[in-house]
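Chemist: Could you work out the structure for the sequence below:
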Amino acid sequence: MSRGFKIIAKGEYALFTRPEMKLERVSYDVPPPGALEGMLKSVYWKPAVRYVIDKIVVFNPIDFVNIRRNEVKDKVSFSDIRSQMNGKGADPCIYTSEERTQRAALLLKNVEYGIEFHFEMTGIRSNKDDEDEKKHYNIIKRRLEKGQFFRSPCLGCSEFPVKSLTLVDEFDLSRISSEILAMGDYDLGFMSYRVNFEDKGIPKNGDWSAHEFSDKAVTEYYRPHMIGGIIDVQKYRAVIKC
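Modeler: Model (predicted):
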């Protein structure tokens, strides 16, 4: 059974943050596969399913815009929330007027990507229903056809939602912009491929009903070329580096 799909993702803005930039956010030229896997998980996610990006098509010119954004410096403390739930009176709130800071960001604008992907079975939290590949395929297909998701799919950062996500039979490569085609064989340099968490998606306490996941992770990198607007991701998977 085929487990592959082709989709078109469009957005007004995108921000695929380069990890080497510490304070100011600067986007990669194109989306890392891990960011697109996260986008797909917003449509449908199960521990038994892992998404694999096979190909990325860049239709629109790579166009950057510089903006300044207000960001909150801190995160809500989980321990404070738990303390308040236990009646201990901790304040879990963040007051943005006190914690706000302004930072520059270099974003992509007017983006359109073709994404070819498939899913694989992980065997995690496995039972009879979870191992039914046809069931997962039909659910993913139906949700893509209907534009359904359980949280808003985004292009890198949650502030930049996907404007449209469309399931297609084939990509119309004639729509790749002349600016992209003129780039020819373009070396994108070392890019993040995916962030792999130490727990591999399994609760470190072994309890799915009260799960605790690890925050420890390592980033895998790869060095792809965009040729005629197409990044053949599967071609470069063999040379991924940690």
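Chemist: Is the nearest residue to residue 55 once chain neighbours are set aside in a helix, a strand, or coil?
Modeler: Leaving aside its sequence neighbours, residue 55 sits nearest to residue 116 (CB to CB, 6 or more residues apart in numbering; 3.9 Å). Any C-beta I mention is one placed from the backbone N, CA and C, and that applies to glycine too. Secondary structure state of residue 116, per DSSP: H, G, I helix; E, B strand; the rest coil, is strand.
Chemist: can you pull the contacts of the spatially most central residue of the chain?
Modeler: Closest residue to the average C-alpha location of the chain: residue 35 at 2.2 Å, with CA atoms, centre = their mean. Residues near residue 35 by CB atoms under 8 Å, 6 or more residues apart in numbering: 16, 155, 156.
Chemist: which of those residues tops the neighbour count?
Modeler: residue 155 (27 neighbours; other CB atoms under 10 Å).
Chemist: Out of the contacts of residue 35, which one has the lowest pLDDT?
Modeler: Scanning these for pLDDT, the low point is residue 156. It has 93.
Chemist: Low-confidence regions, this structure specifically.
Modeler: Scanning the chain for pLDDT under 70 picks out the ranges 1-2, 22, 73-74, 78, 89-90, 96-99, 126-129, 206-211, 238-239, 241-242.
Chemist: Return the distance of the longest helix belonging to it from the chain's centre.
Modeler: Ranked by residue count under DSSP state H, the longest helix found in the chain is helix 133-146. How far helix 133-146 lies from its chain's middle: 19 Å, per CA atoms, centre = their mean, to the nearest Å.
Chemist: buried stuff in it?
Modeler: The neighbour-count check on helix 133-146 (16 or more other CB atoms under 10 Å) flags 136, 137, 140, 143, 144 as buried.
Chemist: and the third one, what does it touch?
Modeler: With CB under 8 Å, 6+ apart as the criterion, the residues that contact residue 140 are 5, 43, 44, 119.
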